[in-house]
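1. Using only what follows, build the 3D model:
(chains A and B)
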Amino acid sequence: MNKYIKNFVIYFIAIIILLFSLFPVYWMILTSIKRYEDLLNPYLFITKITFENYIKIISSPLTITTTINFYRCMTNSIIIALGSVILSLSISILLGYGLARMNFKFKRLVSNASLFVYILPPSFLAIPFFVHMRMLGLVNSLISVILAETIFTIPFCAWILREQFSSIPKEIEESAYIDGCGRLEVLFRIILPLSAPTLVATATYIFIRAWNEYQYALLLLYSKDLWTLPLFLTTFLAADVIPWGILMAASVLYTIPPLIFYYVTERYMIKGLIAGAVKA
Amino acid sequence: MEKLYTFLFIFPFIFLFILLIIYPLSIEIYYSFTEKKAGLEPIFIGLKNFVYLFFNKDYIRSFFNTMLFVGLGVNIKLIIALLLANFFNSNFKFNRIIRGLFILPWPLPIISSLIIFYWMFDYDWGVVNYILSSLGLPKIGLGRYNEAMFIIILYHIWKNLPFWTITLLAGLQRIPIEIYEAARIDGSDSLKMFRYITLPLIKNLYLVCTILSTIWTLGDFNTVWVLTKGGPADSTHLISTLAFRYGFELGDLGISSAMIVFALPMIIALILILLKFLKI
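-> Alright, predicted model coming up:
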């Protein structure tokens, strides 16, 4: 009897948790496949579904408050995300390896600088970042957003990678040096292949962060051709009558890439990122 | 040769750090002592901006809101996360599947999840108000200060709860199971075990989580900007959104910078506490 009560309590809690976590997602998907005439009936279930909202998105460009093109925004989002992954990961690998294996004069200073960036909220630097980018003539270009994503993701990635590189036994590297390999060769031939899971986890982290970027994109990209998906989505909110069905369909499409990325790499994410946080 | 390699590994980060952090930060500090309107040259005015802020109701309010948001958001979230981590640390069927679904809000893009909340809490047609009014309860909406703050904090908890639950769970799983078994043999119940075994052993990680979460939450921009844009009547602004409103929308970069520069010592103080806890 006691066991049944215990089980009942456990699954009751589980259901509450899942309702809390998943209901908003369910509501997004449900709204996106509702017929227009059902939109304002907030029933929890529907019997007739339609894909007309998705078709409207796919047959872009749309006119909401202004004319915007879903594909353009999608392409820009992908360019920013992939650009940030490549740039930030390369620099993080170098920095992480440098901090893990090299001895130099200002090591403490460099690691404190990295910690400072990690702790500084990006939103506190947004306006002067914009001013600075305008001085450099980089404003209104995707590169400026990639640079912002890069600098703000390096510290965390370099930290995780440093932990990973330090965990590889030094003897492996030393025997490679004896065989006549240089620093770079050791890094590419030995260290990086051994760190593949952590590299996947950090790449996912950068991708998701860049995919999410809103404030810097809002500031730095003012021509519509350069807009990213978050800007595309928030434009809808400025309309007098918000077309919720289309907006939710666009949200679903925007949500899919990071979800796939996350669930494919979940094991590495939890092992690499969270274990790193717990150790500290 | 070794020096050249060190340079090669560390330089890219240092270069970006100076270019993208130090330089904009200097601009920000300089502007905070000047009268700087968009498109005009800055004029040095000493501490006038700070005096102005001291009597600015919106700014004082944004400070209060930030405290409220961070104080309630972080603490409620982490207490629930600790309880849930404990829940997921026990053995029951479907544990992994339930956990996998429960995580969903974490990889979900920020902007689309904010838009879902905006839609769910729509005053006239939102599902939450439909449920509330069919239960005979008063409606809530983003148009009134108290309710808007409640929704903002609720969103924050909903979005970030999974990450911290998983982090604390990883910490709990590092506690050797033998300790619990020994306690069970000595006749402790699960409440006592939580109080006398789990809590003391998880305390340090919990404190680290609190500090990290505080730092990340302090700079949160998206939540308030998308849900309320600081409204109604600029009452729900956080420091980050108010500074953005002054700098980006009103074009008053002097005041905007002063808002951040005044809040920055708080961040520095937090950095020092963090350094002390993490013993870096």
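2. tell me the helices in chain B, going along the chain?
-> B:2-17, B:23-32, B:48-54, B:57-88, B:95-102, B:110-120, B:127-134, B:145-172, B:177-185, B:190-193, B:199-218, B:222-227, B:239-244, B:253-278 (DSSP state H).
3. So which of those is nearest A:L184?
-> Nearest to A:L184 among those is helix B:2-17 (8.0 Å), distances taken as Cβ to Cβ. Just so you know, the C-beta spots here come from the backbone N, C-alpha and C atoms, and that holds for glycine as well.
4. Deepest-packed of the helices of chain B, please.
-> Comparing the helices of chain B by mean neighbour count (mean count of other Cβ atoms under 10 Å in any protein chain shown), helix B:239-244 comes out on top with a mean of 26.
5. now it: mean pLDDT?
-> In this model, helix B:239-244 has an average pLDDT of 93.
6. you'd agree A:L125 is up against B:Y23?
-> No. Look at A:L125 against B:Y23 with Cβ atoms under 8 Å: they stay out of range, at 10.3 Å.
7. May I have the residues that are in contact with the closest residue to chain B within chain A?
-> Nearest residue of chain A to chain B: A:P121, at 1.9 Å (Cβ to the nearest Cβ). Taking Cβ atoms under 8 Å, 6 or more residues apart in numbering or on different chains as the contact definition, A:P121 lies against B:I215, B:W216, B:L218, B:G219, B:D220, B:S240, B:I267.
8. Need phi/psi at residue 142.
-> By default, I'm working from chain A. Dihedral angles of A:L142 (phi, psi; degrees, to the nearest 10) stand at phi -60, psi -30.
9. oops, chain B please
-> Dihedral angles for B:L142 - degrees, to the nearest 10 - are phi -80, psi 0.
10. A:T67 too?
-> Main-chain torsions, A:T67, degrees, to the nearest 10: phi -80, psi 120.
11. Report the beta-bridge partners for it.
-> Beta-bridge partners of A:T67, counted by DSSP bridges, are A:T63.
12. What pLDDT does the model give it?
-> On the pLDDT scale, A:T67 gets 78.
13. since we're on it, how many residues are nearby?
-> A count of nearby residues for A:T67, using other Cβ atoms under 10 Å in any protein chain shown, gives 10.
14. now the one 10 residues further on
-> For A:S77, the number of neighbouring residues by other Cβ under 10 Å comes to 26.
15. And for the residue of chain B found nearest chain A, nearest residue in space, chain neighbours not counted?
-> For chain B and chain A, the shortest gap (Cβ to the nearest Cβ) falls at B:G219, measuring 1.9 Å. Excluding the flanking residues, the one nearest B:G219 by Cβ to Cβ, 6 or more residues apart in numbering or on different chains is A:P121, at 1.9 Å.
16. contact partners of stretch B:1-19?
-> A:90-91, A:94-95, A:97-98, A:102, A:104, A:110, A:113-114, A:117, A:147, A:150-151, A:154, A:158, A:183.
17. Separate out the buried members of those residues.
-> Neighbour-count burial (16 or more other Cβ atoms under 10 Å in any protein chain shown) is assigned, among those, to A:91, A:94-95, A:97-98, A:104, A:110, A:113-114, A:117, A:147, A:150-151, A:154, A:158, A:183.
18. Let's see which of these end up in helices.
-> Using DSSP H, the buried ones among the contacts of stretch B:1-19 in helices are A:91, A:94-95, A:97-98, A:110, A:113-114, A:117, A:147, A:150-151, A:154, A:158, A:183.
19. For chain B, tell me which of the residues you listed show up nearby.
-> Restricting these to those near chain B by Cβ under 8 Å from any Cβ of the partner chain leaves A:91, A:94-95, A:97-98, A:110, A:113-114, A:117, A:147, A:150-151, A:154, A:158, A:183.
20. farthest-separated two in the residues you listed?
-> Maximum pairwise distance among those (Cβ to Cβ): 26.8 Å, between A:L147 and A:R183.
21. Quick check: residues of the stretch 151-280 of chain A near chain B?
-> So the stretch 151-280 of chain A meets chain B at A:151, A:154, A:158, A:183, A:208, A:211-212, A:214-215, A:218-219, A:229-230, A:233-234, A:236-237, A:244, A:247-248, A:251-252, A:254-255, A:258-259, A:261-263, A:266, A:270, A:274-275, A:277-278, A:280 (Cβ under 8 Å from any Cβ).
22. any idea which of the buried ones among the contacts of stretch B:1-19 is closest to A:F8?
-> A:A158 (47.9 Å).
23. was I right about that closest one contacting A:S114?
-> Yes. Between A:A158 and A:S114 a contact is recorded at 6.0 Å, counting by Cβ under 8 Å.
24. Quick check: neighbours shared by the two?
-> A:L95, B:F13.
25. Put the alpha carbons of stretch A:27-44 into PDB.
-> Provided in PDB are the C-alpha atoms of stretch A:27-44 (Å, rounded to 0.1, in the frame of the first residue of the first chain):
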ATOM      1  CA  TRP A  27       0.200  26.100 -27.000                       C
ATOM      2  CA  MET A  28       2.700  27.500 -29.600                       C
ATOM      3  CA  ILE A  29       2.300  24.400 -31.800                       C
ATOM      4  CA  LEU A  30      -1.500  24.300 -31.300                       C
ATOM      5  CA  THR A  31      -1.900  28.000 -32.200                       C
ATOM      6  CA  SER A  32       0.200  27.500 -35.300                       C
ATOM      7  CA  ILE A  33      -2.100  24.800 -36.700                       C
ATOM      8  CA  LYS A  34      -5.400  26.300 -35.700                       C
ATOM      9  CA  ARG A  35      -7.800  27.500 -38.400                       C
ATOM     10  CA  TYR A  36      -8.200  31.300 -38.500                       C
ATOM     11  CA  GLU A  37     -11.800  31.200 -37.200                       C
ATOM     12  CA  ASP A  38     -10.700  29.000 -34.200                       C
ATOM     13  CA  LEU A  39      -7.800  31.300 -33.300                       C
ATOM     14  CA  LEU A  40      -9.700  33.300 -30.600                       C
ATOM     15  CA  ASN A  41     -11.300  30.200 -29.100                       C
ATOM     16  CA  PRO A  42      -8.900  29.200 -26.400                       C
ATOM     17  CA  TYR A  43     -10.000  25.600 -26.200                       C
ATOM     18  CA  LEU A  44      -7.300  23.300 -25.000                       C
END
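26. Which positions in it come out as buried?
-> A:W27, A:M28, A:L30, A:T31, A:S32, A:I33, A:K34, A:D38, A:P42.
27. contacting residues around stretch A:188-208?
-> A:81-82, A:84-85, A:88-89, A:92-93, A:97, A:149, A:153, A:156-157, A:160-161, A:164-165, A:168, A:172-173, A:176, A:181, A:258, A:261-262, A:265, A:267-269, A:271-273, B:107.
28. any idea which element the most centrally placed residue in chain A lies in?
-> With distances taken as Cα atoms, centre = their mean, A:I208 lies nearest the centre of chain A, 1.1 Å away. For A:I208, the enclosing helix or strand under DSSP states H and E is helix A:196-212.
29. what angle do that helix and helix B:110-120 make?
-> Helix A:196-212 and helix B:110-120 meet at an angle of 50 degrees, taking axes from the mean of the first three to the mean of the last three Cα atoms, to 10 degrees as the criterion.
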